[in-house]
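Trainee: Quick one: sequence plus predicted model below, questions after.
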Amino acid sequence: MASPRDPVADLRRIAFLLERANEATYRVRAFRSAATKIAEISDEELTARAAEGTLGEISGVGTVTARCIAESLAGEEPVYLRRLGSTEGLDLPGAAGKLRDALRGDLHCHSDWSDGGSPIEEMALAAVELGHEYLVLTDHSPRLTVARGLTAARLRKQLDYVARLNDQLPDGFRILTGIEVDILDDGSLDQEDALLERLDVVVGSVHSKLRDESPRMTKRMVNAIANPHLDVLGHMTGRKVAAPGEGDRGHRAGRTRPPSTFDLDKVIAAVVEHGKAIEINSRPDRLDPPKRMLTVAVEAGCLFSVDTDAHAPGQLDWLGFGCERAAMCNVPIDRVVNTWSMDRLLEWTADHAGKEA
């Protein structure tokens, strides 16, 4: 008889691959919740229940998850996991693959402190498994109440929490402190300057009044880019596109949104002048900026950051989508700031932001 597998690890791997495939949140939650439940139960009890056929009587364990647990305990790779693994996709070709291999981290992700679905620890450990050297935690700022944006007090607590957590994570990996700060109507940033100065990386994004007239949106974005605390301009057009997969019911792939209008040349000129970076957002429902804008930014000499904007661990593996778009638009690898070492990245943010190095 084959040696038992780890059913908790198998269930979590299934959840990760479902997230990566942009499947519905309720389906991901079923596997992740089942993993949490059985992690509290002894191997002996699980084995006995599998023999008796009573795994499904455990609170939070359904018919499908019970079958996966039983297969794991029998030493078999669960059929559900095997099917998901067979559809993971091929390695990225050519320039896209070289860029993906060069990436050392991700500068945009969310945890359950704001509108993410998982604790900071789970996001960090998923990043470690993907080979990242760093992950920037960028939960939302106060004004985005629908996303449980962090007040100044909550952000201070998070900074203390991350400092403690970094002491417990594997050597060679670090969570960098950050925020996805709202760009307000006048281009100011939605958080206290003193706190923004403490952060390693600040991503600034427009989340409101996305249909502002072009002159007003242009001024708003240019003012934000000139702010010494902003490092990366996040999902610059704010668009939503149809994406493959069923998606999160709260962020349904079918909900499209046209891009904001602004003077692209002025915005890109500000990015270059102030030494900031434009995010290449890898979310399948964003893929922002559009290729036509990305090409203009490349020709202007912009810096870039290829990020996932992940709200769950499996979504951290979406970097390939951004790499494919970057390769199509001939983005030079050395101008992608998250191919840089952590020290070089932090020197860059400190230098142009006037932060303490």
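Mentor: In hand now; what should we look at?

Trainee: The closest residue in space to P289 that isn't next to it in sequence: what's it in contact with?
Mentor: Of all residues not flanking P289 in the chain, M236 sits nearest, at 5.1 Å (CB to CB, 6 or more residues apart in numbering). C-beta here means a position set from N, CA and C on the backbone, and glycine is covered the same way. Contacts of M236 were listed using CB atoms under 8 Å, 6 or more residues apart in numbering, and they are 221, 267, 278-279, 288-289, 293.

Trainee: where does M236 land in three-state SS?
Mentor: Reduced to three states with DSSP: H, G, I helix; E, B strand; the rest coil, the structure at M236 is coil.

Trainee: so what's the residue lying closest to M342 once chain neighbours are set aside bridging to?
Mentor: Spatial nearest neighbour of M342, chain neighbours left out: Y134 (5.0 Å); criterion: CB to CB, 6+ apart. On the basis of DSSP bridges, Y134 is bridged to G105, R174.

Trainee: how close does the closest residue to G314 other than its chain neighbours sit to P259?
Mentor: With sequence-adjacent residues excluded and distances taken as CB to CB, 6+ apart, G314 is closest to E19, at 2.5 Å. Distance check for E19 against P259: by CB to CB, to the nearest Å, it reads 26 Å.

Trainee: out of those two, which sits in the busier spot?
Mentor: Neighbours per residue, other CB atoms under 10 Å: of E19 and P259, the larger number sits with E19, 28 against 17.

Trainee: Show me what whatever helix or strand G320 lives in is packed up against.
Mentor: Using DSSP states H and E, G320 maps to helix 319-328. Where contact means 3 or more CB pairs under 8 Å, 6 or more residues apart in numbering; DSSP states H and E, helix 319-328 is packed against helix 94-102, strand 277-281, helix 291-300, strand 303-307.

Trainee: Between those, which one is closest to V206.
Mentor: Distances from V206 to each of the helices and strands packed on helix 319-328 were compared using CB to CB; the minimum, 12.0 Å, belongs to strand 277-281.

Trainee: about what we covered before: would CSV of the helices and strands packed on helix 319-328 with mean pLDDT, distance to T54 and mean neighbour count be doable?
Mentor: Compiled in CSV, the helices and strands packed on helix 319-328 are given as follows (pLDDT from 0 to 100; distance: least, CB to CB, whole Å; neighbours: other CB atoms under 10 Å):
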stretch, mean pLDDT, distance to T54, mean neighbour count
helix 94-102, 95, 45, 16
strand 277-281, 98, 46, 27
helix 291-300, 96, 54, 16
strand 303-307, 98, 45, 27
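
Trainee: Can you check which of these gets nearest to N330?
Mentor: Among the helices and strands packed on helix 319-328, the nearest to N330 by CB to CB is helix 291-300 (5.9 Å).

Trainee: just checking, what packs against the closest one?
Mentor: Helices and strands touching helix 291-300, by 3+ CB pairs under 8 Å, 6+ apart, are helix 264-274, strand 277-281, helix 319-328.

Trainee: winner for burial among these?
Mentor: Of all those, strand 277-281 carries the top mean neighbour count, a mean of 27, counting by mean count of other CB atoms under 10 Å.

Trainee: Pull it out as PDB, backbone CA atoms only.
Mentor: Output of strand 277-281 as PDB, limited to C-alpha atoms (Å, rounded to 0.1, in the frame of the first residue of the first chain):
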ATOM      1  CA  ALA A 277       7.300  53.300 -12.900                       C
ATOM      2  CA  ILE A 278       4.100  52.300 -14.800                       C
ATOM      3  CA  GLU A 279       2.500  49.100 -13.600                       C
ATOM      4  CA  ILE A 280       1.900  46.400 -16.100                       C
ATOM      5  CA  ASN A 281      -1.100  44.900 -14.300                       C
END
